[in-house]
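Trainee: Model the following, please.
(chains A, B, C and D)
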2 protein chains.
Amino acid sequence: MNSSADGLLTPSDLTENGTQQIRDAIRDAIVERRLAPGTKLSESDVGGLFNVSRTLARAALQALSYEGLVSVEKNRGAFVAYPSPEEARQIFAARRLVEPGILKSAAERITPAEIKQLRQLLVEEGRLMNERGQSARRAEIKASGDFHLMLASFSGNLIMQRFMEELVARSSLVIALYGQSSASSCGHSEHGDIITALERKDVDKACDLMLHHIAHIEADLDLRERKSFGLREAFER
Amino acid sequence: MNSSADGLLTPSDLTENGTQQIRDAIRDAIVERRLAPGTKLSESDVGGLFNVSRTLARAALQALSYEGLVSVEKNRGAFVAYPSPEEARQIFAARRLVEPGILKSAAERITPAEIKQLRQLLVEEGRLMNERGQSARRAEIKASGDFHLMLASFSGNLIMQRFMEELVARSSLVIALYGQSSASSCGHSEHGDIITALERKDVDKACDLMLHHIAHIEADLDLRERKSFGLREAFER
DNA sequence: GTGCACATTATTGTATGCAATCCAGCGTAC
DNA sequence: GTACGCTGGATTGCATACAATAATGTGCAC
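Mentor: Coordinates of the predicted model:
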């Protein structure tokens, strides 16, 4: 009978299926904003793009829908998710609810080496910030999210880590849709402040900074109901 | 182009696929502990049981694996998840991290009618507690989890609600594996206390009670590494 | 009798095919 | 000219078929 009681040695799943690769590739494309919200992802197209059958493409899209990055509508197909303003609010509410706790957890177990890793990520982020070009911008977006993900991984809780992965990815979609300031990097210095507080074991301060940081990101959004103005509203002036 | 910006009117997904039904049926069976951890779930068997093809069965199992209720091993098949002690700890750590925040959210928006709903759930739970029989026991397990889920639904955050659904379901697996006291209902009165505190708008007290409640559930577990003693250890005395 | 190599069987992984559904374009009635 | 209904094409939903892998059983050598 045995079983897989091998004690959390599975990073996520060592399935190594073709599905995983497709899923990851599409997720990266969404998170880095190469795929715009609302884009149709037909099974044939996805399958053709990765040289696999519709079966695997379908499985990958299904998987992404469980993460909230893709919405599949019955008999209509899969689309890059188009979070509503309300959904956006809930995503950030979830982050405000969860990230302080993660931070607290991480603070209790973090090592100097790990703090160094965070700092390293930060300088990387800063370097990209001063670079020009689309690809630098994309890398910057990713690095900015990775800060939060690395923190989550230092919390030692795989479940929270995975949840954060979902939230960060969905945040990227929200920012793509509702973000205003071109400088999506508005929170760069704040990341540094959080590390500093963490280093000083000042957990309360760190949590406080984190909450403000999330609030700042959210404040940059314009969450007014734009009712899918593809029809009348778009042409009646 | 349009899109599904219809403002969170989707309870989860109105796909209404056959997959959903299978997934829900199996999940219920797992949560109500009719399916023991480690049980093999072969695609043919599942498909045959619901009179659908392997394709749908496979999709359902895949979906359950994203919720952590089923673990699929490459080329070996799907099994009811068998959470390790470490995983169990992380599940409860996640609940301690998340539930106070949910409670706070819920407290801010809860209506008297909703409090009544909670109370009603509680009397139901109490009634089942005093009944005999397997089916009553199962219903009690479900009701006990439903308390936390209803609270989550009152938080108004669909994302947190879904996360809690996952955590509660996985908790049920953990309790099935590591629970000691037959009285899994140990927390019944605590649920009532939480409602009372909530009613009095004493959020801090409610959160405190919630943390103790979770701690009590966890304290009933015997989280020692039982290394899947299916082989040597089982027969060498 | 024990251990190993091989054949057999069962189960999963993936591709393909058919039926059902939706969408768009066209034509017709009013 | 507008609205309605119809038909053709494309896409998804699901089942089935085949290939690949793992589990099991058998027979032979020692």
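
Trainee: so where do the strands sit in chain A?
Mentor: Listed in chain order, the strands of chain A (DSSP state E) span A:40-41, A:70-73, A:77-80.

Trainee: So which of these is nearest A:Glu140?
Mentor: For A:Glu140, the closest of those is strand A:77-80, at 20.6 Å, according to CB to CB. All C-beta spots, glycine's among them, are computed from the backbone N, C-alpha and C.

Trainee: For stretch A:23-41, which outside residues touch it?
Mentor: If you take CB atoms under 8 Å, 6 or more residues apart in numbering or on different chains as the criterion, stretch A:23-41 is touched by A:46, A:50, A:60-61, A:63-64, A:67, A:69-70, A:77-83, A:138, A:141-142, A:145, A:168-169, A:172-173, A:176-177, B:1-3.

Trainee: Show the contacting residues for the residue sitting nearest the centre point of chain A.
Mentor: Centroid-nearest residue in chain A, with CA atoms, centre = their mean: A:Ala169, separated by 2.0 Å. The neighbours of A:Ala169, taking CB under 8 Å, 6+ apart as the test, are A:27, A:30-31, A:67-69, A:145.

Trainee: cool, A:Glu218 as well?
Mentor: Contacts of A:Glu218 (CB under 8 Å, 6+ apart): A:Phe92.

Trainee: let's see it at 10 Å
Mentor: Residues near A:Glu218 by CB atoms under 10 Å, 6 or more residues apart in numbering or on different chains: A:88-89, A:91-93, A:95-96, A:171, A:174-175, A:178.

Trainee: Need the phi and psi values for the residue in chain A that DNA strand C sits nearest to.
Mentor: Nearest residue of chain A to DNA strand C: A:Ser53, at 3.1 Å (CB to the nearest atom of the strand). Main-chain dihedrals, A:Ser53, degrees, to the nearest 10: phi -80, psi 170.

Trainee: Skipping its backbone neighbours, what lies nearest it in space?
Mentor: A:Gly47 (5.7 Å; CB to CB, 6 or more residues apart in numbering or on different chains).

Trainee: close enough to count as contact, that neighbour and A:Ala57?
Mentor: Yes - counting by CB atoms under 10 Å, A:Ala57 is a contact partner of A:Gly47 at 3.7 Å.

Trainee: what about the two, which has more around it?
Mentor: Applying other CB atoms under 10 Å in any protein chain shown to A:Gly47 and A:Ala57 shows that A:Ala57 carries more neighbours, namely 25 against 19.

Trainee: For chain B, see how far away that one is.
Mentor: Separation of A:Ala57 from chain B (CB to the nearest CB, to the nearest Å) stands at 13 Å.

Trainee: quick one: that residue and A:Leu121, what's the gap?
Mentor: Distance, A:Ala57 to A:Leu121, by CB to CB, to the nearest Å: 33 Å.

Trainee: so what does the lengthiest helix in chain A touch, helix or strand wise?
Mentor: When chain A is parsed with DSSP state H, its longest helix is helix A:85-109. Contacts defined by 3 or more CB pairs under 10 Å, 6 or more residues apart in numbering or on different chains; DSSP states H and E place helix A:85-109 against helix A:134-154, helix A:158-178, helix A:188-199, helix A:203-219, helix B:85-109, helix B:158-178.

Trainee: how about those in a markdown table, adding distance to DNA strand D and mean pLDDT?
Mentor: A markdown table is the format used below for the helices and strands packed on helix A:85-109 (distance: least, CB to the nearest atom of the strand, whole Å; pLDDT from 0 to 100):
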| stretch | distance to DNA strand D | mean pLDDT |
| --- | --- | --- |
| helix A:134-154 | 26 | 92 |
| helix A:158-178 | 20 | 96 |
| helix A:188-199 | 39 | 93 |
| helix A:203-219 | 33 | 96 |
| helix B:85-109 | 22 | 97 |
| helix B:158-178 | 21 | 96 |
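
Trainee: Need these in CSV (columns: distance to A:Ala107).
Mentor: Shown next, in CSV, are these (distance: least, CB to CB, whole Å):
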stretch, distance to A:Ala107
helix A:134-154, 9
helix A:158-178, 14
helix A:188-199, 6
helix A:203-219, 5
helix B:85-109, 13
helix B:158-178, 22
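
Trainee: quick one: which of those helices is nearest B:Leu223?
Mentor: helix B:85-109 (4.1 Å).

Trainee: now the closest one and helix A:158-178, what's the angle there?
Mentor: In terms of direction (axes from the mean of the first three to the mean of the last three CA atoms, to 10 degrees), helix B:85-109 departs from helix A:158-178 by 50 degrees.

Trainee: buried ones in helix B:85-109?
Mentor: Buried residues in helix B:85-109, counted by 16 or more other CB atoms under 10 Å in any protein chain shown: B:85-107.

Trainee: And stretch A:34-42, by the same measure?
Mentor: Under the neighbour-count criterion of 16+ other CB under 10 Å, stretch A:34-42 has A:35, A:37-39, A:41 buried.

Trainee: Now the two most distant members of these.
Mentor: Longest span within the buried residues of stretch A:34-42, CB to CB: A:Pro37 and A:Leu41, 11.5 Å.

Trainee: Was I right to think A:Ala60 contacts A:Gln21?
Mentor: Yes - applying CB under 10 Å as the test, A:Ala60 and A:Gln21 come out as touching, 8.5 Å apart.
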